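Peer 1: Here is a sequence with its predicted model. Questions after.
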Amino acid sequence: MDLDFTDDQTALRGTLRTFFEKESSTAAVRAAEPLGFDAALWRKVVDLGLAAIAVPEHLGGGGAGFVELAIAAECLGQSLAPVPLIEAAVTNDLIASLSDGGSSPDAGSSSSGEPDARLESLTARAVAGELLATLALRPATGDLARLVPAGAVADLVAVLRGDELLLLRQPERGPATPGGAVRNLGALPLADCPIDTQDALVLARGPAAVRAYRRALSRWELLTGAALFGLGSKALDIGVDYVMQRKAFGVLIGTFQTIQHRLADNAIALDGARLLAYEAAWAQDENLPTADTSATMAFLFAAETAFKTTSEVLHFHGGYGYTLEYDIQLYFRRAKAWSLVAGDSRAAYARLAHRVFGAAQAPAPAPAERAG
């Protein structure tokens, strides 16, 4: 495994850093609140082809891999770009793979077994950037997909209901007509999305549907992990800059050992988060059997590290850190919110442990209990 970037990947990273620094300043991030979506920036992201970068070329995409997508996610996280690039990229990859035949005769087919023409049309429009597609991170509850990321601005929503993977159309919502947003401190365009069975398209059924959905979730995790690493690394830079300017008792607070040690600990942890994120992206590109587990590990560690880093940097700012005028609160709120979209991290850690180590075994009874 070689996680060094190729020349092309290094060039991509430099280009995207420059792009997001220019187009997603903290002023632009603030202007996008409370919805958390910038339609003009989204159009520019689409024009760059980022949302379809991992879609095969013969389907209209960029033909790149998840390492390239992770680079884009990292740059997005550093600038807190208010666009649902991760959700769109993952969902475009999902529906493209199913419209291209998927992994089962039940995937992306009509009742006659032929590829569904509606899916092919919607896929082509999503890959071209005409439609914004997103993924529900939880299976549907009845006829409702709850708290869907980008659900307030998406044209299409992929959701698992029972053993069917559905593609919902939202004719009354989209990038130009947001609606139903649930207010949240992370300024994310979350929304509950009703399921209209008459208008929903079945992408896959049975085990094929569950496999495709789980694969999409793991890819969302690894990309969100990369974005959280980017967020945390920028927050650390903000912290270093601040402690080298702020004085207390007549000296720079950056000279205090306790602050130096905490900054160093966070820097080391962020290096680990970066390694896990790009290793997970590489595993996805190589289609390794450990890819999904690596993605979950990357996501959980990056979420924990980003929140710890932003929390400590906010504390280094003292009372200023809690004011809206200082940028660190933008990072602090999103460090918590981006991971909570997927639910309780404690439950995710438990599922990860079960996946890696198997079901927990009940302890053997003590000798006295066996005798009694």
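Peer 2: In hand now; what should we look at?

Peer 1: any idea how far Phe5 is from the residue most central in space within the chain?
Peer 2: The chain has Thr224 as the residue nearest its centroid, 3.0 Å off, counting by Cα atoms, centre = their mean. According to Cβ to Cβ, to the nearest Å, Thr224 stands 20 Å off from Phe5. C-beta here means a position set from N, CA and C on the backbone, and glycine is covered the same way.

Peer 1: Convert stretch 333-342 to PDB, retaining C-alpha atoms only.
Peer 2: Only the C-alpha atoms of stretch 333-342 are listed here, as PDB (Å, rounded to 0.1, in the frame of the first residue of the first chain):
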ATOM      1  CA  ARG A 333     -20.500  23.300  15.300                       C
ATOM      2  CA  ARG A 334     -19.900  21.400  12.100                       C
ATOM      3  CA  ALA A 335     -17.400  19.100  13.700                       C
ATOM      4  CA  LYS A 336     -20.200  17.800  15.900                       C
ATOM      5  CA  ALA A 337     -23.000  18.000  13.400                       C
ATOM      6  CA  TRP A 338     -21.400  16.300  10.400                       C
ATOM      7  CA  SER A 339     -20.900  13.100  12.400                       C
ATOM      8  CA  LEU A 340     -24.200  13.200  14.200                       C
ATOM      9  CA  VAL A 341     -26.000  13.000  10.900                       C
ATOM     10  CA  ALA A 342     -25.200   9.300  10.900                       C
END
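
Peer 1: can you pull the buried residues of that stretch?
Peer 2: 333-335, 337-342 (16 or more other Cβ atoms under 10 Å).

Peer 1: Specify the local secondary structure of Leu167.
Peer 2: Under DSSP: H, G, I helix; E, B strand; the rest coil, Leu167 falls in the strand class.

Peer 1: hang on, it packs against Ala204?
Peer 2: No - with contacts counted by Cβ atoms under 8 Å, Leu167 stays clear of Ala204, the gap being 9.9 Å.

Peer 1: How are the helices of this protein distributed by residue range?
Peer 2: Secondary structure of the chain, counting by DSSP state H: helices at 7-23, 26-32, 39-47, 66-79, 85-99, 117-127, 206-243, 257-285, 291-316, 328-340, 345-357, 367-371.

Peer 1: of all those, which lies closest to Pro178?
Peer 2: Within the helices of the chain, the stretch nearest Pro178 is helix 39-47; the backing value is 8.4 Å (Cβ to Cβ).

Peer 1: any idea how far the closest one is from the chain center?
Peer 2: Centroid separation for helix 39-47 versus its chain: 18 Å, with Cα atoms, centre = their mean, to the nearest Å.

Peer 1: got a list of contacts for it?
Peer 2: 19, 23-24, 28, 32, 51, 81-85, 129, 132, 153, 175-176 (Cβ atoms under 8 Å, 6 or more residues apart in numbering).

Peer 1: Relative to Thr290, which of these is nearest.
Peer 2: Ranked by distance to Thr290 (Cβ to Cβ), those are led by Leu85 at 25.5 Å.
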